[in-house]
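> I would like to see how this sequence folds:
(2 chains)
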Amino acid sequence: MSAELSIRNLTAGYGAQVVLRDLSLEITEGTLAALIGPNGHGKTTLLRAISGLVPITAGQITLAGTRIDPLRPDAIVASGIVHVPQGDLLFPDMTVLENLRMGSYLPAAARLEKQRLEEVFSLLPKLRERQQQTASTLSGGERRMVGIGRGLMTSGRILMLDEPSLGLAPIIIDQIYDVIDTLRGSGRTVILVEENAMRAADIADEVHLLDHGSIAWRGKGSEMSGRPELLETYLGS
Amino acid sequence: MDTILQILASGLTLGAMYAISTAGLALVFGAMNMLNMSHGAILALGGYLSYFAVGGMGLPAPVGVVFAVLVCAAVGVLIYQIVARPMLRSANFETRIFIATIGVGVILESIILETFGPQPKPQPVSMPGSLTLAGVHLPYQNLMILGIAMLLMAALGFALQKTRIGRAIRATAQNRDAAQLMGVRIGYVYALVLAISGGLAAVSGITISSLSSLLPNMGADPMLKAFIICVVAGLGSLPGSVMAALFIGVLEAIVQYVFGVRFSFALLLILVIIVLIGRPQGVFGRVQGVRL
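Residues are numbered from 1 along each chain as shown, chains lettered A, B, ... in the order given. Take a look at the predicted model:
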């Protein structure tokens, strides 16, 4: 088992405000890794830095041995990293179908568009019913599903999900987690960012705890449940 | 009855010309939140380039038009590379680019003034003759302007809805970050949008000057009208802008006939005030975000 995504001594932030400090992280190929930690400690910034949306001031990011941090965001996507952002970030005036088709915008994904669309529709049947509906008129749960579906339309080998359960009703969260669970066997590597630590630890192969801009602890989800002091120290729960 | 049709015909021609220049302005604003204040100067440049190619070099009219469109599109790309790109990531991009493009406009206008002089020049690209249909006098030139405008707007609408790059432009307009996360190269989209806008400005400049004449500051009035139309329609809404352009063209023709030419601009401004009071986001606009 090799490290597919490797981050070394990463420092990044917004202008003078440094959010990530000397952060190192390795994600193993084909696993489901959870990234947990309190709000405002850099989880979203880390994903945005990997995607190239936040400038990096030091350190490097490599994907399967190739450095990707100097690349433009569109080239990072083309290299195989797909970011399903927090708050969905759909294209509000496009239909569900148009949103999904934006996922297969790049040529490598466009060739497989029909096949992937069928896969997404069978995984998220609600989207098939709603395909002609404008994205801005969808419910929160439906929007989240479009965001995940759009990510699955890409040819990304690594799928980064930023707080897929945020603001959703418990029954919808269960559905979303069922979908995430099925991704495990799909050959894709999944990085799941969650504030709900227990929920994420429950499903993940490996848990990384992000605190004050760097990784404070890593281990198996099962180890996490046996160490309540971790939750108390870092998450205050 | 004849008079009403006549007013309608000239109003639609006016509206069609407004639509061409407004579409470029709305496209750029919609895609990149950039109010291009040099749009009027690019429009004048297009008119003069066709004058130079057809009148000066003796090239056939269609070649002259294509030449003007291509050069103005290139000017759009240059504005992206030299002016917009360095400040894209800055905090107050909208304000900075607004002021910077005022400067670009002044530079372009000065170049035109220096090269061609301040005297009015005739636009050689025009179609003489007219047609009288049911008592309505229709110059071929006006019919051609109407036809070209409809064709260009339909082509632009089709390209935005149905082509891959059109979807990329709409995606960038609706959510810049999300578009990047789908692999859209937004620098390319921005340059392209400014090129299309420049090309449309050239067509607009040629048609406007074919009905009056060429002057270095001829772009100021259409630019202001285009801005008014954008505000009335809702900034960045392309189909709304085209409809608003046609409506305002007809309205202007009616006011000019009933009250006189001097009242037409005042009335446009009153319309803007009414729209801004009643619907600050514009008739077709949304409270948040933009659409294409």
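> Can you pull out the low-pLDDT segments for the chain?
This is for chain A. The model of chain A has pLDDT under 70 over residues A:1-2, A:225, A:231-237.
> Chain B, not that one
Residues of chain B meeting the criterion pLDDT under 70: B:235-236, B:285-292.
> show me where it has helices.
Here chain B has its helices, by DSSP state H, at B:2-32, B:39-50, B:61-78, B:85-87, B:93-116, B:140-162, B:164-174, B:176-181, B:186-211, B:220-233, B:238-258, B:264-278.
> got the buried residues for the last one?
Along helix B:264-278, these residues count as buried under the neighbour rule (16 or more other C-beta atoms under 10 Å in any protein chain shown): B:264, B:267-268, B:271, B:275. Every C-beta, even on glycine, is put in place using the N, C-alpha and C of the backbone.
> one step back: of the helices of chain B, which stretch is the most buried?
Counting by mean count of other C-beta atoms under 10 Å in any protein chain shown, helix B:39-50 has the highest mean neighbour count of those, with a mean of 29.
> Need the CA coordinates for it. CSV is fine.
Extracted C-alpha coordinates of helix B:39-50, given in CSV (Å, rounded to 0.1, in the frame of the first residue of the first chain):
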residue,chain,number,x,y,z
HIS,B,39,-16.3,49.3,-24.2
GLY,B,40,-17.3,52.6,-25.8
ALA,B,41,-13.8,53.3,-27.1
ILE,B,42,-13.5,49.7,-28.5
LEU,B,43,-16.7,50.3,-30.3
ALA,B,44,-15.4,53.5,-31.9
LEU,B,45,-12.1,51.7,-32.7
GLY,B,46,-14.1,49.1,-34.6
GLY,B,47,-15.9,51.8,-36.6
TYR,B,48,-12.6,53.5,-37.5
LEU,B,49,-10.8,50.2,-38.3
SER,B,50,-13.5,49.4,-40.9
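> closest to chain A among the buried residues of helix B:264-278?
Each of the buried residues of helix B:264-278 was scored against chain A by C-beta to the nearest C-beta, and residue B:275 proved nearest at 21.3 Å.
> re earlier: dump the buried residues of helix B:264-278 into JSON lines; add distance to chain A as well.
Shown next, in JSON lines, are the buried residues of helix B:264-278 (distance: C-beta to the nearest C-beta, whole Å):
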{"residue": "B:264", "distance to chain A": "34"}
{"residue": "B:267", "distance to chain A": "32"}
{"residue": "B:268", "distance to chain A": "28"}
{"residue": "B:271", "distance to chain A": "26"}
{"residue": "B:275", "distance to chain A": "21"}
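> Widest-spaced pair of those residues?
B:264 and B:275 (16.7 Å; C-beta to C-beta).
> right, and out of the buried residues of helix B:264-278, which lies closest to residue A:82?
Of those, the one sitting nearest to residue A:82 (C-beta to C-beta) turns out to be residue B:275, at 42.0 Å.
> Do I have it right that that closest one meets residue B:230?
No - if you go by C-beta atoms under 8 Å, residue B:275 and residue B:230 don't touch, sitting 11.2 Å apart.
> who's in contact with residue A:141?
A:168-169, A:172, A:175-176 (C-beta atoms under 8 Å, 6 or more residues apart in numbering or on different chains).
> I meant to write residue B:67 there.
B:49-50, B:53, B:59 are the contacts of residue B:67 under C-beta under 8 Å, 6+ apart.
> Please identify which two of the residues you listed are farthest apart in space.
B:49 and B:59 (10.9 Å).
> ok, which residues in chain B are in contact with chain A?
Counting by C-beta under 8 Å from any C-beta of the partner chain, chain B comes close to chain A at B:164, B:167-168, B:170-171, B:174-175, B:177-187, B:289, B:291-292.
> Just put the contacts of residue A:141 in a markdown table and tack on neighbour count and distance to chain B.
Formatted as a markdown table, the contacts of residue A:141 follow (neighbours: other C-beta atoms under 10 Å in any protein chain shown; distance: C-beta to the nearest C-beta, whole Å):
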| residue | neighbour count | distance to chain B |
| --- | --- | --- |
| A:168 | 18 | 19 |
| A:169 | 12 | 24 |
| A:172 | 17 | 21 |
| A:175 | 16 | 23 |
| A:176 | 18 | 19 |
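> Hmm, residue B:129 is touching residue B:137, no?
No - between residue B:129 and residue B:137 there is no contact, the gap being 11.4 Å when judged by C-beta under 8 Å.
> give me every residue that touches the residue lying closest to residue A:130 once chain neighbours are set aside.
Once flanking residues are discounted, residue A:130 sits nearest to residue A:96: 5.0 Å by C-beta to C-beta, 6 or more residues apart in numbering or on different chains. Shown in contact with residue A:96 (C-beta under 8 Å, 6+ apart): A:127, A:130-133, A:135, A:138, A:146.
> go again using 7 Å as the cut-off
A:127, A:130-131, A:133, A:135, A:146 (C-beta atoms under 7 Å, 6 or more residues apart in numbering or on different chains).
> for residue A:220, same thing?
residue A:206.
> Relative to residue A:205, how far out is it?
7 Å (C-beta to C-beta, to the nearest Å).
> Ok, residue A:136 next?
36 Å.
> Over to residue A:98?
To residue A:205, residue A:98 is 34 Å away according to C-beta to C-beta.
> More neighbours: which of these two?
residue A:98 (19 against 15; other C-beta atoms under 10 Å in any protein chain shown).
> Name the helix or strand for the more buried one, please.
helix A:96-103 (DSSP states H and E).
> Pull out the CA atoms of the next helix or strand after that helix and give them to me as CSV.
Per DSSP H and E, the first helix or strand lying C-terminal to helix A:96-103 is helix A:107-110. Extracted as CSV, the C-alpha positions of helix A:107-110 are listed here (Å, rounded to 0.1, in the frame of the first residue of the first chain):
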residue,chain,number,x,y,z
PRO,A,107,-12.0,15.5,-22.1
ALA,A,108,-11.0,12.5,-20.1
ALA,A,109,-14.3,12.5,-18.2
ALA,A,110,-16.4,13.6,-21.3
